[in-house]
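>>> this is the structure alone, sequence omitted:
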């Protein structure tokens, strides 16, 4: 029988291994034994420390459990997976990011980056805004026969994520996209791996300095959310909206943007071949959506 960890793709396992290694070292430094009980005690202590968000705690739990399972320590993996974030614990507040950005704010950001000669962050802002890319996808964007290929950072065998081909009909946007791609492409391949994190870190410092009183500051993902708003207000069919955003399911579009915050038109369009891959509901998510729908109906039943 295959272990649960065997179903995780290699890049995720490598990321889990890095996270796990850091925390196992901390656990040992703090006197915890690397046994099922010791690891569970460390996770409970971490939850009650107020230094980690609930989502990060669950990600860490999954990472340690998966690496323990992969190493053959099933008892430790099962015990960790059974843990829940304590109800009385106070998690670290999750930073709130803006989901919309005005044209003026976007221009201010790019002009500021240009003044700082920060071409990398300028390029990431441009590609995330113009193509709706996830930050981790930017380094992989390429152009072929006038079409922009964006491989999904969420691609999985169970149907999540969609590689897409996009076209751009606005000359000004086309010029900016190609310029930004040239900047990212000029960075050595080995140094591109965490380039989106570098760009986001620089952007965080810049937005905090520009708008110190704002509760929600724009991030690279804000550009993707704004693209979602623009697509919803443009009148494009749900299948085309999903295709541009890199979703195999039309239902996933509800996560991104607001129709009332859109610009009413977009310069980017998906190719017919990309749209043909979009389904009404992604197979891997159908059970989850059915369960959520059933819960809502039961909750509000008169």
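Done, it's in. The model shown is predicted, which means the values in this text are computed figures rather than measured ones.

>>> now do residue 194, the pLDDT please.
Residue 194 is assigned 86 on the pLDDT scale.

>>> tell me the contacts of it?
Listed by Cβ atoms under 8 Å, 6 or more residues apart in numbering, the contact set of residue 194 is empty. Every residue, glycine included, has its C-beta placed from N, CA and C.

>>> please report how far it lies from residue 17.
The spacing between residue 194 and residue 17, counted by Cβ to Cβ, to the nearest Å, is 16 Å.

>>> over to residue 225?
31 Å.

>>> kindly report the same for residue 233.
43 Å.

>>> neighbour-wise, which of the two wins?
A direct count of neighbours by other Cβ atoms under 10 Å for residue 233 and residue 17 places residue 233 higher, at 18 against 14.

>>> which parts of the protein belong to which domain?
The chain breaks down into these domains under automatic domain parsing: 4-81, 103-283.

>>> nearest to residue 93, of those domains?
With Cβ to Cβ as the criterion, residue 93 lies closest to domain 4-81 of the domains of the chain, at 7.5 Å.

>>> for the nearest residue to residue 140 once chain neighbours are set aside, give me its contacts.
In this structure, residue 140 finds its nearest non-sequential neighbour in residue 151, 5.0 Å apart by Cβ to Cβ, 6 or more residues apart in numbering. Contact analysis of residue 151 by Cβ under 8 Å, 6+ apart lists 137, 140, 163.

>>> ramachandran angles for residue 164?
Per-residue torsions, residue 164: phi -140, psi 150 (degrees, to the nearest 10).

>>> out of the domains of the chain, which is closest to residue 97?
Distance to residue 97, taken as Cβ to Cβ, is lowest for domain 103-283 among the domains of the chain, at 4.6 Å.

>>> show me the shaky parts of the stretch 151-300 of the chain.
155-160, 280-300 (pLDDT under 70).

>>> break down it into its strands, ranges please.
With DSSP state E, counting those that start in this stretch as the criterion, the stretch 151-300 of the chain has strands at 164-168, 268-270.

>>> what helices and strands are in contact with the longest one?
Under the contact definition 3 or more Cβ pairs under 8 Å, 6 or more residues apart in numbering; DSSP states H and E, strand 164-168 sits against helix 119-131, strand 147-150, helix 238-245, strand 268-270, helix 272-275.

>>> what's that strand in contact with?
By Cβ under 8 Å, 6+ apart, the residues outside strand 164-168 that reach it are 130-131, 144, 146-150, 152, 174, 177, 243-244, 246, 267-271, 273-274.

>>> strands paired with that strand, and their directions?
When sheet partners are counted by DSSP bridges, strand 164-168 sits next to strand 147-150 (antiparallel), strand 268-270 (antiparallel).

>>> pick the most buried one from those strands.
Mean neighbour count, computed with mean count of other Cβ atoms under 10 Å, is highest for strand 268-270 among those, reaching a mean of 22.

>>> quick one: residues in contact with it.
Strand 268-270 is contacted from outside by 130-132, 164-169, 173, 227, 236, 240, 243-244, using Cβ under 8 Å, 6+ apart.

>>> run the last query once more with 6 Å
164, 166-168, 240, 243-244 (Cβ atoms under 6 Å, 6 or more residues apart in numbering).

>>> which residues touch residue 177?
residue 130.

>>> rerun at 7 Å
Contact analysis of residue 177 by Cβ atoms under 7 Å, 6 or more residues apart in numbering lists 126-127, 130-131, 148, 168.

>>> which of the residues you listed lies closest to residue 29?
Distance to residue 29 across those (Cβ to Cβ) is lowest for residue 127, with 40.7 Å.

>>> gap between that closest one and residue 185?
11 Å.

>>> let's have the contacts of strand 268-270 in JSON lines, adding distance to residue 93.
Shown next, in JSON lines, are the contacts of strand 268-270 (distance: Cβ to Cβ, whole Å):
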{"residue": "164", "distance to residue 93": "35"}
{"residue": "166", "distance to residue 93": "36"}
{"residue": "167", "distance to residue 93": "41"}
{"residue": "168", "distance to residue 93": "38"}
{"residue": "240", "distance to residue 93": "37"}
{"residue": "243", "distance to residue 93": "35"}
{"residue": "244", "distance to residue 93": "32"}
